[in-house]
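1. Quick one, fold the following:
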Amino acid sequence: MTASRIEHLVTSGTFSLDGGTWDVDNNVWIVGDDEEVIVIDAAHDADAIAAAVGDRHLKAIVCTHGHDDHIDAAPALSDATGAPILIHLDDRLLWKHTHPERNPDGHLADMRRISVAGIELTVLHTPGHTPGAISLHAPELGTVFTGDTLFAGGPGATGRSYSHFPTIVRSIRDRLLMLPPETVVRTGHGEDTTIGTEAPHLREWVDRGY
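-> Coordinates of the predicted model:
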């Protein structure tokens, strides 16, 4: 058995909400080994993601939240591989904005464990950026995948529909900052950071109110 690992690719497309559209680059994370993997956030380009998966068994497509730039390629990737799409039930309205004719295959819940390649990832419900935003903690890999809840430098955006700033701060404080400080934070956009790097800034984020 080969060791579990994290693979990363960046896909490009658009994000649309509340009547606006923006160009974005998204991080797509593949976790597993030479035999089986999961994909975290199937963004923009199902063909590129499928090529990165290769002939490995794709156990699940896990959505950190329901914004269209994180889920737009999920149905095509699922159709190509047979992998189920999993998203938190509280983001069902956002999912339907993008995919009105297609339901996800299952729903994520807080503390659910997802097994792949001999390791487990624990779902942490971290709402605020969206109602159903989740993070995935993989302690054996020293990593948490935070989607758009926590970035290098601060919380994810909360200025659009379905978002709430006090809620995202509570999620970061109560769920993410409780993790070991050396935990690597792998985000939905941009660069990695660590829990220890971001922890001292919590009061600053509250005071700035973004």
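2. any idea of the pLDDT on T21?
-> T21 is assigned a pLDDT of 97 by the prediction.
3. Report the beta-bridge partner residues of it.
-> Applying DSSP bridges to T21 gives these bridge partners: S16.
4. Any idea how many residues pack against it?
-> When neighbours are counted by other C-beta atoms under 10 Å, T21 registers 10. From N, CA and C alone the C-beta is placed, and that goes for glycine too.
5. before we move on, what about E36?
-> Neighbourhood size, E36 [other C-beta under 10 Å]: 18.
6. Return the set of residues that bridge with it.
-> Counting by DSSP bridges, E36 is bridged to H57.
7. Run through the protein and note the low-pLDDT ranges.
-> Regions of the chain meeting the criterion pLDDT under 70 cover residues 1, 209-210.
8. ok, the nearest residue to D45 once chain neighbours are set aside - contacts?
-> Taking C-beta to C-beta, 6 or more residues apart in numbering, and ignoring the residues beside it in sequence, D45 has T11 as its nearest neighbour in space, at 4.4 Å. Applying C-beta atoms under 8 Å, 6 or more residues apart in numbering to T11 gives the contacts 25-26, 28, 43-45, 48-49, 73.
9. Ok, T183 next?
-> With C-beta under 8 Å, 6+ apart as the criterion, the residues that contact T183 are 137, 142-144, 194-196.
10. Okay, and the residue nearest to D45 sits in which element?
-> With secondary structure defined by DSSP states H and E, T11 is part of strand 5-17.
11. mind listing the helices for this structure?
-> When secondary structure is read from DSSP state H, the chain shows helices at 46-53, 68-71, 74-81, 92-98, 165-171, 195-198, 202-208.
12. just the ones you listed: most buried one?
-> Per-residue neighbour counts averaged over each of these give the maximum for helix 68-71, namely a mean of 25 (mean count of other C-beta atoms under 10 Å).
13. what's that helix in contact with?
-> Contacts of helix 68-71 (C-beta under 8 Å, 6+ apart): 13-17, 24, 26, 41-44, 63-64, 85, 87, 94-95, 97-99, 147-148, 188.
14. Could you give me the ChimeraX selection string for whichever of the residues you listed are buried?
-> Buried members of those can be picked out in ChimeraX with the line below, counting by 16 or more other C-beta atoms under 10 Å:
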select :13,15,16,17,24,26,41,42,43,44,63,64,85,87,94,95,97,98,99,147,148,188
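15. in stretch 173-184, what counts as buried?
-> Residues of stretch 173-184 classed as buried under the neighbour-count rule (16+ other C-beta under 10 Å) are 175-177, 179, 183-184.
16. now do stretch 140-149
-> Neighbour-count burial for stretch 140-149 [16+ other C-beta under 10 Å]: 141, 143-149.
17. quick one on the thing from earlier: now tabulate the buried residues of stretch 173-184 in a markdown table and tack on distance to A3.
-> What follows is the buried residues of stretch 173-184, written out as a markdown table (distance: C-beta to C-beta, whole Å):
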| residue | distance to A3 |
| --- | --- |
| R175 | 27 |
| L176 | 26 |
| L177 | 28 |
| L179 | 22 |
| T183 | 19 |
| V184 | 16 |
